[in-house]
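In: quick one, what's the 3D model for this:
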Amino acid sequence: TARVQTHGHMLLGDVIALHLQPLFHQRRLCHTGLSIAQIHQRYAAAMEQYDFRCFAPELFYSAFHAGLLPHVAAVEIQLKRGAYASEFTRYRYDVILHVGEPPKK
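Out: Residues are numbered from 1 along each chain as shown. Next up, the predicted model:
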């Protein structure tokens with residue numbers, strides 16, 4: 001596993017916004033042609049399995065301001081961008097942790 005030494009960036013990509021996770025799964029399943037019962041079953045399974053990269057953006061800022069990320073100089077949240085609204089642009093974001101000196105603006 002690579003490590004960031006004294007300066008650099010750590011990218012946590014394609015994070016799903018925790019508060020949008022239910023909507024993310026519901027919208028994905030609505031267009032599958034499944035019955036309501038099947039949608040409910042798959043939705044419940046998806047909510048259990050898919051939480052490994054679902055975080056509230058506030059988590060990163062709160063951890064930073066509480067001093068829980070001692071080598072991180074700044075936290076940056078970037079919403080996914082795209083020409084069209086899709087599951088990638090509606091529900092996902094990237095987190096950039098700046099290690100070392102605060103980033104220059």
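In: when you work out contacts or count neighbours from here on, use the C-alpha atoms and nothing else.
Out: Will do.
In: for I16, see how far away the closest residue in space to C30 that isn't next to it in sequence is.
Out: Leaving aside its chain neighbours, C30 sits nearest to I39 (7.4 Å; criterion: Cα to Cα, 6 or more residues apart in numbering). I39 sits 20 Å away from I16, taking Cα to Cα, to the nearest Å as the criterion.
In: mind checking the longest strand of this structure?
Out: If you go by DSSP state E, the chain has its longest strand at strand 8-17.
In: same for it, what does it pack against?
Out: strand 54-55, helix 87-91, strand 92-99 (3 or more Cα pairs under 8 Å, 6 or more residues apart in numbering; DSSP states H and E).
In: now do 7 Å
Out: On a contact count with 3 or more Cα pairs under 7 Å, 6 or more residues apart in numbering; DSSP states H and E, strand 8-17 meets strand 54-55, strand 92-99.
In: follow-up on the earlier one: host element of the residue nearest to C30?
Out: helix 36-49 (DSSP states H and E).
In: can you tell me which helices and strands that helix packs against?
Out: Where contact means 3+ Cα pairs under 7 Å, 6+ apart, helix 36-49 is packed against helix 21-30.
In: what's in contact with the helix it packs on?
Out: Contacts to helix 21-30, defined as Cα atoms under 7 Å, 6 or more residues apart in numbering, come from residues I39, Y43, A46, Y91.
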